[in-house]
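# Provide a 3D model corresponding to the input given below.
(2 chains)
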Amino acid sequence: MIAEAGLAALWLAAALALLQLALVAFGLVGRKGELLGAVRPVAVSQGLLTLLAFVMLVLLFLRSDMSVMLVVTNSHSMKPWLYKFAGTWGNHEGSMLLWITVMGLAGSAVALFERALRRDTHMATLGAQAAISLGFYAFLLFSSNPFARIDPPPPDGQGLNPLLQDPGLAFHPPTLYLGYVGLSVAFSFAVGALLTRQVDAGFARAMRPWVLAAWVMLTLGITAGSYWAYYELGWGGWWFWDPVENASLMPWLAATALLHSVTVLATRDALRAWTVMLAVIAFSMSMVGTFLVRSGILTSVHAFAVDPERGTFILGLLAIYIGGAFALFGWRVGAVREGAPFELVSRETMLVINNLLLSVILGLVLIGTLYPLMTEAFGHKVSVGAPYFDRIAGPIALILMIAMMAGPLTRWRRDRFAVVAGRMMVPAIVALVVLALVVALAWGRIGILPLAGLVVAGAAAVGSVGPLWKRNLRRTPLFTWGMVIAHLGCAVSLGGMASDSAFTVEKLVAARPGDRIETAGWTLHFDKIMPIAGDNWTALQADMTASRGGGTAIVIHPQSRFFASPPTTTTEAALLTRWNGQLYVVLGQETDDGRWQVRIWWKPFVTFIWLGGIMIALGGALALLGRERRGWLLKWRARAVA
Amino acid sequence: MKAKHQRLILALVALVALIGAGLLAASALKDEAAYFYAPADVKEKGVEPGKAIRLGGMVVKGSLKHAADGVTIHFDVTDGKATVPATFSGIAPDLFREGSGVVAEGAFDGKDTFVATNLLAKHDERYMPRELEGMQYDEKTHEMKGGQ
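The predicted structure is shown next:
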């Protein structure tokens, strides 16, 4: 019954989405204003029905209902409950249902809470949101029904890929989806505003919180994904330039550009057309990402279950939405009049530069990701890998960091070049000090890009707190705090990346229990190795004690874990985190003569990479809170006066 | 400065940035597009020592040997047309086996041996590198069929 109820809820939600679109169309175009009154309740009901369908699927997974195809192929009755739960979205159908659920709830939120937008634009936005949802309902109901039954039901399921059985990965996709789908709201706003010809500062102020929220989620999702790959895959790397990773990076780059341009539009009423176009591009990138991940059209080490037919479906949706949005944009661009003027040396210009650089990186990553597809169409198989992306993204990202530091130190509308240069003196001195230090301590052992990275990170760390200089910190708005913390996070992250690629020490040995291994100031005693058993796995676990410079010894347990269903071995690295870095120990295979392969990395300041990511997200959250709190305060005061 | 001039300057800056990016991409792609090699490509075109590439193919049955240090392995990679010797120091992925596909990242040393720095890990046993699609290993004759 549960499966049927879920499917019914999904059909009903799809019907409501169609109704929502029709109400908006007849209400706005047919000038039947009374119809518009029904749009908000319909949008909210649609969102609740998708949630109901999703809860039904979760129940089916928790109860291990083996009469449902999806549960059979992606779960097992012996699995810990957390992974039964997470298994709901650890597959194609479930993740698409999660997508539509997040989208339905986001639509409900827009219907309920959006107050800043003018009514007709608000309605047009909800209409656009319903139109996008319809495509995904069709996708789900016609090609990826998560509630399909299997007859006769098998005694047990096939399990979940053990690599996905990790708390990090259980919650990584929902975070990313909140980001992806949040960008669909920005897209709908842009379409709505184009339809009603109301692209102005008020529109930007209404759109900004949604962009911020989506961006915070994307940032968290990417950070979590990177850390997961780092510790779970046992290879010690934190970014691979894999198409699946690029699929999340590209919307983030677009959303970052959008976040900055929407701020210009909201505060200065400039960059109108550009902001609308970025909103369209940002959601397009979410869909391109979904297409790349779900179609399996590109080589990826993250081999998800893939199906070319579904890829074609998403490609079709992509063409309709993006083509439609760009056509609308072209048609209405005349209505989007020029915004306020600004001088060449001004914060506006710095933000334009920021947008340009982000767009250039986005374009280059997109080209690199799709290039193998294009050449394959002409019969050549090529693959584009890390060397390409490192070479293009590294230098431009460094220039971007310099612009990021200079932007907040420049005034809106007009400033003088000499004055801005003067404000950059302190960061410049810091850069020189870092340069001198690194050259003195590590010359000859460090590449040019990591060196430049450390120098820029040092300068940007100091430069990004510049806006707080000589300010009353208690009266500084949360929005400014958010910006400072996010920018500082970028510097911290960059510092971590540069430090990891410059100073990592690696040691690879074959050792017997009782052996002692020394590397990078650490002493590692290999005490013993023994088999252990977990919930649904068995493992070989090494007991080791690590100590540094006569400090206390800490016991660590690298494991080689074996899962029976499906049969897979995974590597559980042992991580020892210190303030100045991380010790990363991996247990490998047994050699013919009874020794064990052990790989040890000492990675100085590697944790800064993810710490920076969290700071960036925190900054975004503070900025969001600052805006919202002001709105609440105003409302509260208005009520108090009334 | 008039708004018109300023817009013109910004448009020019954008144009320069775009052209610069295009040139950068073109030059980087020209270098890096020749990134994936099958053993036959290596024999045909040659790869200069030290250039970072991906080498893909099948691990020849019976070619896998462990060195005395316990952490280095030697193996041959084949695509049915040519065979290339390779070494790897490190912990090989669990699904790295004789007779199965491998994509190795690394570079050739001066003596035509491929020194892998990374063997591409896969998430599950169904994974087949797309570059190796169509290749099959004949269990009886130990030969490769199909391929690029």
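# Reduced to three states, what does the residue of chain B found nearest chain A come out as?
Relative to chain A, the nearest point of chain B is residue B:70 (2.5 Å; Cβ to the nearest Cβ). In this view, the C-beta of every residue, glycine as well, is placed from N, C-alpha and C. Under the three-state scheme (DSSP: H, G, I helix; E, B strand; the rest coil), residue B:70 adopts coil.
# Can you give me every residue that contacts it?
A:509, A:510, A:591, A:593, A:595, A:597 (Cβ atoms under 8 Å, 6 or more residues apart in numbering or on different chains).
# need the contact list for the closest residue to chain B within chain A.
Distance from chain B to each residue of chain A (Cβ to the nearest Cβ) is smallest for residue A:510, at 2.5 Å. The contact partners of residue A:510, by Cβ under 8 Å, 6+ apart, come to A:591, A:595, A:596, A:597, A:598, B:69, B:70, B:71.
# and what of residue B:65?
With Cβ under 8 Å, 6+ apart, residue B:65 has these contacts: B:73, B:74, B:75.
# Max pairwise distance over the contacts of residue B:70: which two?
The distance between the two most remote of the contacts of residue B:70 (Cβ to Cβ) is 13.6 Å, for A:509 and A:593.
# For chain B, which segments count as helices?
Secondary structure of chain B, counting by DSSP state H: helices at B:3-32, B:39-45.
# Count the residues that sit near residue A:575.
The number of residues packed near residue A:575 is 17, by other Cβ atoms under 10 Å in any protein chain shown.
# In three-state terms, how would it be classified?
strand.
# hang on, the earlier thing: look at residue A:509 and residue A:593 and report which has more neighbours.
Between residue A:509 and residue A:593, counting by other Cβ under 10 Å, residue A:509 is the more crowded of the two (18 against 10).
# Please verify my assumption that the more buried one contacts residue A:596.
No - shown here, residue A:509 and residue A:596 do not form a contact pair, counting by Cβ atoms under 8 Å, at 9.2 Å.
# mean pLDDT for the helices of chain B: which is lowest?
Per-stretch mean pLDDT for the helices of chain B is lowest at helix B:3-32 (a mean of 78).
# packing partners for that one?
Judged by 3 or more Cβ pairs under 8 Å, 6 or more residues apart in numbering or on different chains; DSSP states H and E, the packing partners of helix B:3-32 are helix A:347-377, helix A:386-406.
# and residue A:67, backbone torsions?
According to degrees, to the nearest 10, the main-chain angles of residue A:67 amount to phi -90, psi 0.
# most centrally placed residue in the chain?
Just going to use chain A. residue A:218 (2.8 Å; Cα atoms, centre = their mean).
# Hmm, no, I was thinking of chain B.
residue B:54 (1.2 Å).
# Just list the residues touching residue 108, thanks.
Chain wasn't specified; assuming chain A. Residues near residue A:108 by Cβ under 8 Å, 6+ apart: A:43, A:44, A:46, A:47, A:48.
# Not quite, go with chain B.
Residue B:108 makes contact with B:42, B:47, B:48, B:49, B:50, B:51, B:114, B:115 under the criterion Cβ under 8 Å, 6+ apart.
# Neighbours of the fifth one, how many?
Look at residue B:50: counted by other Cβ under 10 Å, it has 10 neighbours.
# just to revisit the earlier point, can you read off the pLDDT for the residue of chain A closest to chain B?
90.
# secondary structure class for it?
Note that with three-state DSSP, the state of residue A:510 is strand.
# Now it: closest residue in space, sequence neighbours ignored.
In this structure, residue A:510 finds its nearest non-sequential neighbour in residue B:70, 2.5 Å apart by Cβ to Cβ, 6 or more residues apart in numbering or on different chains.
# Next: residue A:120.
That would be residue A:196: by Cβ to Cβ, 6+ apart, it lies 5.0 Å from residue A:120.
# can you give me the strands in chain A?
In chain A, the strands defined using DSSP state E lie at A:505-511, A:516-519, A:522-533, A:537-548, A:554-556, A:559-563, A:568-572, A:574-578, A:581-590, A:596-604.
# I should have written chain B there, sorry.
Taking DSSP E as the criterion, chain B carries its strands at B:36-37, B:53-59, B:65-66, B:72-78, B:83-89, B:101-108, B:114-119, B:136-138, B:143-145.
# can you put the ones you listed in CSV and add mean pLDDT?
Below are the strands of chain B laid out as CSV (pLDDT from 0 to 100):
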stretch, mean pLDDT
strand B:36-37, 82
strand B:53-59, 85
strand B:65-66, 87
strand B:72-78, 90
strand B:83-89, 92
strand B:101-108, 86
strand B:114-119, 88
strand B:136-138, 49
strand B:143-145, 48
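# Which among those is found nearest to residue A:465?
Residue A:465 sits nearest to strand B:114-119 of all the strands of chain B, at 38.2 Å, using Cβ to Cβ.
# My guess is residue A:408 contacts residue A:467. True?
Yes - counting by Cβ under 8 Å, residue A:408 touches residue A:467, with 4.5 Å between them.
# overlap in contacts of those two?
A:483, A:484.
# picking that back up, okay, the residue of chain B closest to chain A: pLDDT?
In this model, residue B:70 is scored at 83, pLDDT.
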